[in-house]
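> How does the following fold in three dimensions:
(one chain, ligands or ions: 1)
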Amino acid sequence: MKTVVISLGGSILIPELNENRIKAYIPVLERIAAKHRLFVVVGGGGGARDYIDVARDLGIDEGTADEIGILVTRLNATLLIAALGEAAYPKVAESHSEAKKFAEAKKIVVMGGITPGQTTDAVAAVLAERVRADVFVNVTSVDGIYDKDPKKYPGTPYHATLTPQELLTIVGQGGLGAGSHNVLDIIAARVVERSHIPLVVLDGTNPENLADALLSGSCRCSVVSDTKKKILPL
Ligand code: UTP
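Have a look, this model is predicted:
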């Protein structure tokens, strides 16, 4: 049994409330949890961005907009927990220590955001450190790490494997603001570098990609690691 922390982007799980993939993710998460100790950190998605936009229109400061974003991530986490039913611990963890405590129940532990000034990727990266994860997975809307956003710059180089230092250089070129978008939060990239925990970045538009990557090792994904050790399948 391995310990797995997944950052499940809101733009993947709940791009819009009435256009969500929660149902499709349930059997996938259950299959992984049947073999491994699983933590899932849920993002805010379109809902968080809508609220943050309204906050900005009202002239509300970025820190407060972040707090609003955090509330939306926790709402999404609540939905996922309810949909997972018996498979999940019944409460959203509001801190890393709470997540560790909840894991004693041997169920899937779900959390959202915790602190302004970051995204749920950073929450998940630190959680991976705190629970000594064997792997940290970022489920996002791109199939791995490119030098630049491949949607804006077609043909930009793709990296199937890279070192944490290379990741930091790539991610360091992005910006930070409430609701800001990058393949991985810069704080998360720094944590990946210091923790030496392997990171897998994959496209979760099709939920089966996650199960395929972790359980069969077949995926188009980027693996960030500073060892030559084979990371996938778990
Ligand atoms: P997300 O982690 O969802 O950010 O948090 P995101 O980059 O928009 O990712 P996707 O689209 O879900 O994949 C939503 C917002 O909530 C605030 C930030 O403003 C973030 O942009 N937040 C979240 C925090 O301030 N702190 C946290 O710990 C988590």
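> alpha carbons only for contacts and neighbour counts from here, please
Will do.
> did I read that right, Thr4 in a strand?
That one is not Thr; residue 4 is Val. Yes: Val4: assigned to a strand according to DSSP: H, G, I helix; E, B strand; the rest coil.
> Let me see the contact set for it.
When contacts are counted by CA atoms under 8 Å, 6 or more residues apart in numbering, Val4 touches 36-39, 128, 133-137.
> tell me the average confidence for the helix or strand hosting Asp53?
In this assignment (DSSP states H and E), Asp53 forms part of helix 45-57. Averaging pLDDT along helix 45-57 gives 96.
> helices or strands up against it?
On a contact count with 3 or more CA pairs under 8 Å, 6 or more residues apart in numbering; DSSP states H and E, helix 45-57 meets helix 10-13, helix 62-84.
> Low-confidence regions, the chain specifically.
Across the chain, the ranges flagged by pLDDT under 70 are 174-181.
> Which of the helices and strands packed on helix 45-57 sits closest to Thr161?
Thr161 lies closest, by CA to CA, to one member of those: helix 10-13, at 22.8 Å.
> Just name whatever secondary elements the closest one is in contact with.
Counting contacts by 3+ CA pairs under 8 Å, 6+ apart, helix 10-13 is packed against helix 45-57, strand 135-140.
> Would you mark the buried spots in stretch 191-208?
The neighbour-count check on stretch 191-208 (16 or more other CA atoms under 10 Å) flags 191-193, 195-205, 207-208 as buried.
> hmm, I was thinking of stretch 96-109
Applying 16+ other CA under 10 Å to stretch 96-109 flags 96, 99-100, 102-103, 107-109 as buried.
> That one and the ligand in contact?
No: looking at stretch 96-109 against the ligand by CA under 6 Å from any ligand atom, there are no contacts, and the closest approach is 11.0 Å.
> Span of that stretch from start to end?
This stretch, stretch 96-109, spans 11 Å end to end (CA to CA, to the nearest Å).
> what's in contact with it?
By CA under 8 Å, 6+ apart, stretch 96-109 touches 33, 37-40, 87-89, 92-93, 110-111, 126-127, 130-131.
> Please repeat the previous calculation with a cut-off of 6 Å.
Around stretch 96-109, the neighbours that count as contacts under CA atoms under 6 Å, 6 or more residues apart in numbering are 38-39, 87-89, 93, 127.
> what does this structure put close to the ligand?
So far as CA under 6 Å from any ligand atom goes, the chain lies against the ligand at 9-11, 43-45, 48, 66-67, 69-70, 113-121, 123, 178-181.
> change it to 5 Å
When proximity is defined by CA under 5 Å from any ligand atom, the chain lies next to the ligand at 9-11, 43-45, 66, 69-70, 113-120, 178-179, 181.
> And Pro207, how far from Ile231?
20 Å.
> Repeat that for Glu193.
16 Å.
> cool, Gly10 as well?
Per CA to CA, Gly10 is found 25 Å from Ile231.
> Pick out whichever of these two has more residues nearby.
For Gly10 versus Ile231, neighbours defined as other CA atoms under 10 Å are more numerous around Gly10 (29 against 17).
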